[in-house]
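Asker: I would like to see how this sequence folds:
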Amino acid sequence: MTNQPVNLSSSGPPETRLPLFDAKAIEMLNAALGVDINNRRQAVCDVVSKYPTFLAGWATIGDLSGDGIDAYMAYRVGYHRGLDSLRANSWRGSGYVRWGVETNRGFLRCLAGLAKQARMIGEMPEAVRCEQFLIQCDPSGDANHLLR
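Answerer: Just a heads-up that it's a prediction; the model follows:
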């Protein structure tokens, strides 16, 4: 059980807002993104090795990986780390996790990336499940651009 409040929405299920991640990790990720393209993925991996629960870091590793199993693995780890973070912040398996909340974007990027890469490697049940979950998390459609 957590002592985190459950944020109720007047228009539906509760909404979860992940907290801002460690400012030092964000600073290090931004610096890693400025590294030469040939070394960028490794620089981001170095950041994530120091901050293994940093969802934006996992999403970025996925973004910088080749399509297929490498990207799939990064997004999948980020997705599962994200579920842990959501649960620690009052999420009970349902409710909104909106793209409009900047701190939720790392998780949503991992979820969408997992859906895309699962489809790419032929893991269709997982792809469909993740696509549906993304829509359930943010039915406004604001996160749908991640699936393109």
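
Asker: Grab the longest helix from this protein for me.
Answerer: Selection of the longest helix in the chain by residue count, based on DSSP state H, yields helix 69-88.

Asker: who's in contact with that helix?
Answerer: The contact list for helix 69-88 (Cβ atoms under 8 Å, 6 or more residues apart in numbering) reads 2, 4, 16, 18, 52-53, 55, 57-59, 61-63, 65, 97, 106-107, 109-111, 113-114, 117-118, 120-121, 123, 130. Bear in mind the C-beta positions are built from the backbone N, C-alpha and C, glycine included.

Asker: Kindly report the same for stretch 49-64.
Answerer: Contacting residues not belonging to stretch 49-64 are listed as 18, 21-22, 25-26, 28-29, 33, 40-41, 44-45, 47-48, 71-72, 74-75, 77-78, 81-82, 84-85, 105-107, 109-110, 113, 117 [Cβ under 8 Å, 6+ apart].

Asker: redo that, cut-off 7 Å
Answerer: Outside stretch 49-64, the residues that touch it by Cβ atoms under 7 Å, 6 or more residues apart in numbering are 21-22, 25, 29, 40-41, 44-45, 47-48, 71, 74-75, 77-78, 81-82, 85, 106-107, 109-110, 113.

Asker: Drop anything exposed from those.
Answerer: Neighbour-count burial (16 or more other Cβ atoms under 10 Å) applied to the contacts of stretch 49-64 gives 21, 25, 29, 41, 44-45, 47-48, 71, 74-75, 77-78, 81-82, 85, 106-107, 109-110, 113.

Asker: follow-up on the earlier one: so which of the contacts of helix 69-88 belong to helices?
Answerer: Short answer: the contacts of helix 69-88 in helices (DSSP H) are 55, 57-59, 61-63, 106-107, 109-111, 113-114, 117-118, 120, 130.
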